[in-house]
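S.K.: quick one, fold the following:
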Amino acid sequence: MKNFTLLLITFNLFFCYSQEKKMNSGDKKFDGYAYIDAIKTYERVANKGYKSESLFKKLGDSYYFNSEFENAAKWYGELFAMNPTPEAEYYYRYAQSLKSIGQVDKANKILEEFNAKNKNDSRGILYKNDKNYLDQIKANSGRYKIEDAGINSKYSDYGSFVYDNKIYFASARDTGNFSKRKHKWTGEYFTNIYNANLDENGASSKVNKIKTELNSRFHEASPVFTKDGKTVYFTRNNFIDGTKGKDANQITLVKIYKATLENGKWTHISPLPFTSNNYSTAHPALSPDEKTMYFASDMPGSVGQSDIYRVSINGDHFGSPQNLGKVINTEGKETFPYVTNENEIYFSSDGHPGLGGLDVFVGQIDNNGTISDIQNLGNDINSPQDDFAYIINPVSRKGYFSSNKDGGFGSDDIYSFLETRRLKCLQELEGIITDAETGETLPDSKVTLYENMEMKNSIMTDSQGKYNFSVECGKTYYVRAEKPEYSTKEVSITIPKTTGKTNLTIALERSICKVAVGDDLGKCFGIKMIYFDLDKSNIRTEAAIDLEKILVVLNDYPQMKLDIRSHTDSRASKQYNESLSDRRAKSTVEWLIKNGVDKSRLTGKGYGETQLVNGCSDGVNCTEEEHQANRRSEFIITKL
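M.R.: Predicted coordinates for the structure are as follows:
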């Protein structure tokens with residue numbers, strides 16, 4: 001890429017929640033039923049001094065998802081006091097809660113810990129570089145059919161533009177008979193603008209040097225025509241009317257020029273008003289509505305060696321150039337912009353992670369004009385050499401790019417391509433919202449999709465509890481599911497980088513538990529077993545936390561009576577199991593009586609292995625999980 005490099009070096013030619021605030025709650029009562037608010041029960045248990053990570057997480061989450069950040073901060077603070085290193089997401093929720101109540105310094109400290117613990121989270125304020133960029137390049141590869149464009153010479157050919165069934169490009173070849181001017185550094189001719197006719201299949205014919213005033217004795221490149229064909233913008237060395245313009249170091253830089261077509265001739269050739277002798281402007285590209293020009297420049301205010309700018313066009317008047325910002329521009333070179341009617345901007349860069357030299361990238365132009373979602377086009381287009389000047393027809397998906405990669409005719413060559421698979425892969429995020437205990441689907445659940453704290457979409461599940469979102473590949477989202485009488489739950493999911501569907505089922509736990517005579521009160525709080533030391537019947541601390549939940553409900557419902565039943569698995573003798581389970585059931589009753597429950601409201605008995613919930617009886621080979629199912633404690637409601 002000798003000629004192109006020289007242009008860069010000597011001429012600086014830069015191709016160069018508010019959530020519905022609370023769930024329905026309160027003292028709802030129906031005939032024969034009672035509604036138990038699990039969250040209030042948890043809080044009252046915690047206020048008695050009982051500590052549990054699960055308890056504090058549930059309390060913190062219940063307030064966080066209802067935007068009650070002061071209470072959320074309180075219980076997340078208890079969580080961190082008990083365990084300074086919980087899951088990464090709790091760092092973030094705690095920090096957000098602290099920020100919301102004005103404790104910014106403490107929140108920033110927590111966020112720093114969050115970022116250190118979860119560096120790949122898209123919200124991480126210290127996240128700077130994608131260390132897995134080669135994976136993205138690999139995922140974006142294999143999408144093109146590439147051929148020689150049929151217009152290359154042994155010299156440098158680059159920078160194509162298609163207009164009126166012709167391809168225009170710059171070339172260092174020289175087909176004239178007189179005034180052949182070679183650049184003394186490269187031994188090649190200065191580049192001029194050439195064209196070739198294209199047939200209906202895109203095949204090119206004989207190459208012609210355009211014989212107009214657009215070509216001078218020095219470099220011309222990268223022409224772009226308006227749709228009506230009456231205006232052309234192009235790059236040229238700072239040379240007009242036989243005079244070279246020079247900067248303070250006596251170097252002739254490059255400028256973007258404009259020419260208009262009158263009576264079949266290009267006239268009024270002049271540099272654009274925002275150009276200068278003291279910096280370069282090059283490689284113009286027009287937006288589809290032709291009201292904005294994108295270009296490369298190293299003008300004052302640039303981030304790097306050359307940046308991409310835009311400038312508004314209003315007839316013959318141009319606005320002030322605006323730098324596109326640090327999302328797209330780096331300390332290196334960003335150049336050769338090209339914009340489509342799909343709000344995509346293609347450009348070349350040696351500052352974004354790539355394969356070497358200049359790589360071609362694409363970014364999304366957002367509604368406010370900012371650039372996002374920059375991706376490398378993959379190793380079909382890009383190589384360890386310089387790859388640049390990419391243009392594409394958004395309908396046919398055909399286009400051209402330039403490269404000095406191995407295997408070409410000259411120092412730079414033009415290649416044609418057909419894009420066989422779109423880069424922006426299509427993904428659907430789907431799933432079902434279920435009841436965590438029963439597995440039943442939950443219709444009319446609210447499901448909300450978040451990205452970087454911003455709500456992207458919100459829907460209700462259908463009659464089968466199903467939801468579906470259109471999402472972007474490779475991104476991390478947070479899916480929040482909520483339903484009255486259930487605890488809100490939020491789950492993160494990273495979408496694969498290939499087209500397809502991603503499934504995420506979310507199981508919600510009940511926060512409002514509806515019970516009737518004959519029901520097991522323990523199921524409201526997920527109490528499967530009251531734990532005792534081996535072969536003993538004294539109440540352990542973790543068991544007391546669960547019993548406190550039962551105690552709170554009994555105090556709330558003074559007419560409620562319970563029959564407490566203890567069960568074992570079949571291992572050990574029947575007599576031993578029955579005796580041990582009976583002692584444990586009665587110890588549970590005694591604990592509740594000791595803590596204020598009238599003994600007339602309680603009965604208790606051990607059933608040993610006589611009421612197995614599966615076939616794991618004596619002599620049957622069962623897994624530990626199957627035996628565990630039989631070891632259980634029940635709190636059967638006998639009266640409400």
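S.K.: buried residues, stretch 442-456. List them.
M.R.: The neighbour-count check on stretch 442-456 (16 or more other C-beta atoms under 10 Å) flags Leu442, Ser445, Lys446, Val447, Thr448, Leu449, Tyr450, Glu451, Lys456 as buried. Any C-beta I mention is one placed from the backbone N, CA and C, and that applies to glycine too.
S.K.: pick out whichever of these sits closest to Gly606.
M.R.: Relative to Gly606, the closest of the buried residues of stretch 442-456 is Leu442; by C-beta to C-beta it sits at 36.4 Å.
S.K.: pretty sure the closest one contacts Thr434?
M.R.: Yes: in this structure Leu442 lies within contact range of Thr434 using C-beta atoms under 8 Å: 6.2 Å.
S.K.: find residues that contact each of these two.
M.R.: Listed contacts common to Leu442 and Thr434 are Gly465, Leu508; contacts here mean C-beta atoms under 8 Å, 6 or more residues apart in numbering.
S.K.: among the buried residues of stretch 442-456, which pair sits farthest apart?
M.R.: For the buried residues of stretch 442-456, the maximum inter-member distance is 23.9 Å, found between Leu442 and Glu451 (C-beta to C-beta).
S.K.: any idea of the pLDDT on the closest residue to Asp520 other than its chain neighbours?
M.R.: Computed as C-beta to C-beta, 6 or more residues apart in numbering, the closest residue to Asp520 that is not its neighbour in sequence is Glu634, at 4.9 Å. Per-residue pLDDT puts Glu634 at 91.
S.K.: repeat that for Val104.
M.R.: Val104 carries a pLDDT score of 72 in this model.
S.K.: which SS state does the nearest residue to it once chain neighbours are set aside fall under?
M.R.: Once flanking residues are discounted, Val104 sits nearest to Leu98: 7.6 Å by C-beta to C-beta, 6+ apart. At Leu98 the chain is in helix, as set by DSSP: H, G, I helix; E, B strand; the rest coil.
S.K.: and Leu98, how many neighbours?
M.R.: Residues lying near Leu98 (other C-beta atoms under 10 Å) number 24.
S.K.: that one touches Phe114, doesn't it?
M.R.: No: when contacts are counted by C-beta under 8 Å, Leu98 is not listed as touching Phe114 (11.6 Å).
S.K.: quick one: Trp75 from Tyr91, how far?
M.R.: Counting by C-beta to C-beta, to the nearest Å, the gap from Trp75 to Tyr91 is 15 Å.
S.K.: now Leu358
M.R.: According to C-beta to C-beta, Leu358 and Tyr91 sit 39 Å apart.
S.K.: got the buried residues for stretch 274-285?
M.R.: Phe274, Thr275, Ser276, Tyr279, Ser280, Thr281, Ala282, His283, Pro284, Ala285.
S.K.: among the residues you listed, which pair sits farthest apart?
M.R.: Distance extremes for these: the farthest pair is Ser276 and Ala285 at 19.9 Å, using C-beta to C-beta.
S.K.: any regions of this protein where pLDDT drops low?
M.R.: Scanning the chain for pLDDT under 70 picks out 1-36, 66-67, 100, 118-134, 175-189, 239-245, 247-248, 356-357, 532-537.
S.K.: domain map for it?
M.R.: 136-419, 426-508, 516-639 (automatic domain parsing).
S.K.: looking at those domains, which is nearest to Thr85?
M.R.: With C-beta to C-beta as the measure, domain 426-508 is the member of those nearest Thr85 (18.2 Å).
S.K.: in this structure, which helix has the most residues?
M.R.: Taking DSSP state H as the criterion, the chain has its longest helix at helix 574-594.
S.K.: packing partners for that helix?
M.R.: Here helix 574-594 touches helix 541-556, strand 561-567, strand 602-608, strand 632-639, going by 3 or more C-beta pairs under 8 Å, 6 or more residues apart in numbering; DSSP states H and E.
S.K.: okay, these in TSV with distance to Ile414 and mean neighbour count next?
M.R.: Converted to TSV, the helices and strands packed on helix 574-594 look like this (distance: least, C-beta to C-beta, whole Å; neighbours: other C-beta atoms under 10 Å):
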stretch	distance to Ile414	mean neighbour count
helix 541-556	73	19
strand 561-567	79	23
strand 602-608	84	19
strand 632-639	75	19
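S.K.: how about CSV for these, with distance to Lys211 added?
M.R.: Formatted as CSV, those follow (distance: least, C-beta to C-beta, whole Å):
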stretch, distance to Lys211
helix 541-556, 91
strand 561-567, 98
strand 602-608, 103
strand 632-639, 94
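S.K.: those: which one's closest to Leu79?
M.R.: Short answer: helix 541-556, nearest of the helices and strands packed on helix 574-594 by C-beta to C-beta, at 15.1 Å.
S.K.: the closest one to helix 574-594, inter-axis angle?
M.R.: 50 degrees (axes from the mean of the first three to the mean of the last three C-alpha atoms, to 10 degrees).
S.K.: and Tyr467, that's in a helix?
M.R.: No: using three-state DSSP, the assignment for Tyr467 is strand, not a helix.
S.K.: got the phi/psi numbers for Ile459?
M.R.: Note on Ile459: its backbone torsions stand at phi -140, psi 170 [degrees, to the nearest 10].
S.K.: which parts of this protein are helices?
M.R.: All helices of the chain, identified by DSSP H, fall at 2-10, 38-47, 53-64, 69-82, 88-100, 104-117, 133-139, 541-556, 574-594, 624-630.
S.K.: before we move on, back to that, closest one to Lys528 among the helices and strands packed on helix 574-594?
M.R.: Per C-beta to C-beta, nearest to Lys528 of the helices and strands packed on helix 574-594: strand 632-639, 5.6 Å.
S.K.: what's the closest one packed up against?
M.R.: strand 561-567, helix 574-594.
S.K.: just name the most buried of these.
M.R.: Neighbour counts (mean count of other C-beta atoms under 10 Å) averaged over each of the helices and strands packed on strand 632-639 peak at strand 561-567, with a mean of 23.
S.K.: quick one on the thing from earlier: Lys40 is nearest to which of the domains of the chain?
M.R.: Nearest to Lys40, of all these, is domain 516-639, at 8.3 Å by C-beta to C-beta.
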